[in-house]
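Participant: need a structure here:
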Amino acid sequence: MAAGVLAGCGDPAKTLVNRRLASGSPVATATRAAPVLHAADYLVAAGPATSGLVVDTSGAGENAPDSPEADAQLAACLGVPVAQLTSPATDRAESPVFRTADSTTVINSAAEIRPPAQVRSYAAILTRPQATRCFGRILAPVLAQAMTKGAGSGATTTVQSVQAAPALTGATAGIRMAFELTINAVRVPATVDVVFVVSGRVIATLFFGQVDGTPEPGREQAIVSQVAARLARQ
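Facilitator: Numbers count the residues shown, from 1 in each chain. This is a model prediction of the structure:
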């Protein structure tokens, strides 16, 4: 799960309840199979919320490899069995990157389809008091490494802070990580918000990156609302 979050779930199964006809005769209970969900349907998509951003499809759809070590570290920090984080998803997907022309703003997302019970468990984990610290401990070094690689030769990135992200309507939880990039002796601040939208059978993870500032709240809310609305229609 930790790796899936870096790439980077309502209960659509409905059971027909027992009911009786006017005559009082019982009607047999039947169960309708849960519809097939596709993770790609729960990603950030182009629209008003991504206005002004260009779409970069290079690497889209690639999933991060599983990392048993990261999963074990995250589980230990959270105080839960590692199996609670590592049950296989039935589907995974990653969106294209939405960015400004100069890449100072970068947004993308990942989604996984899982059984409802696992999703409820994951949502509960995300709201634990230690969740921000534990997820940040795993995510921040990986993001820092990616920033250093993207900045080019000689660049370095240090983690400055990890805290809860500002609350957004429709989000289950969020983590804000502040970094400092040093490029040719010039220090540049950067912020990444990782926002989780979790419901039913879908775990959606949204990434908002901003160089020399923090992600724009209005755009973040619009994108979270877009994804949350899709989850509500499972």
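
Participant: scan the protein for its longest strand.
Facilitator: strand 186-199 (DSSP state E).

Participant: okay, stretch 84-96 in CSV with CA atoms only?
Facilitator: The C-alpha coordinates for stretch 84-96 follow below in CSV (Å, rounded to 0.1, in the frame of the first residue of the first chain):
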residue,chain,number,x,y,z
GLN,A,84,-3.9,-4.5,6.9
LEU,A,85,-2.0,-2.4,4.4
THR,A,86,-0.8,-4.9,1.8
SER,A,87,-3.9,-6.8,0.6
PRO,A,88,-3.8,-6.7,-3.2
ALA,A,89,-6.0,-4.2,-5.1
THR,A,90,-8.2,-5.6,-7.8
ASP,A,91,-7.3,-2.6,-10.0
ARG,A,92,-4.9,0.3,-10.0
ALA,A,93,-4.4,3.3,-12.2
GLU,A,94,-2.4,6.6,-12.3
SER,A,95,-3.4,9.8,-14.0
PRO,A,96,-1.3,11.9,-16.4
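
Participant: distance between that stretch and the chain's centre?
Facilitator: 10 Å (CA atoms, centre = their mean, to the nearest Å).

Participant: in the protein, which spans are helices?
Facilitator: 2-6, 68-78, 83-86, 116-126, 131-151, 217-232 (DSSP state H).

Participant: on that earlier part again, how about the longest strand of the chain: buried residues?
Facilitator: Using 16 or more other CB atoms under 10 Å as the test for burial, strand 186-199 gives 188, 190-199. In this view, the C-beta of every residue, glycine as well, is placed from N, C-alpha and C.

Participant: now that strand and helix 131-151, what's the angle there?
Facilitator: 130 degrees (axes from the mean of the first three to the mean of the last three CA atoms, to 10 degrees).

Participant: could you list the low-pLDDT ranges of this protein?
Facilitator: Scanning the chain for pLDDT under 70 picks out the ranges 1-32, 59-66.

Participant: starting at the chain centroid, how far to stretch 37-50?
Facilitator: 12 Å.

Participant: one more: stretch 205-212?
Facilitator: 12 Å.

Participant: quick check, central residue of the chain?
Facilitator: residue 205 (0.8 Å; CA atoms, centre = their mean).

Participant: of all the helices of the chain, which lies closest to residue 41?
Facilitator: helix 217-232 (6.4 Å; CB to CB).

Participant: which parts of the closest one are buried?
Facilitator: 219-228, 230-231.

Participant: now stretch 115-130
Facilitator: 115-116, 118-123, 125-126.

Participant: again with stretch 210-219
Facilitator: Those buried within stretch 210-219 under the rule 16+ other CB under 10 Å are 210-211, 214-215, 219.

Participant: what of stretch 129-146?
Facilitator: 131-132, 134-140, 142-144.

Participant: correct me, but residue 220 touches residue 195?
Facilitator: Yes - counting by CB atoms under 8 Å, residue 195 is a contact partner of residue 220 at 7.1 Å.

Participant: where do the contact lists of these two overlap?
Facilitator: The contact sets of residue 220 and residue 195 overlap at 168, 208 (CB atoms under 8 Å, 6 or more residues apart in numbering).
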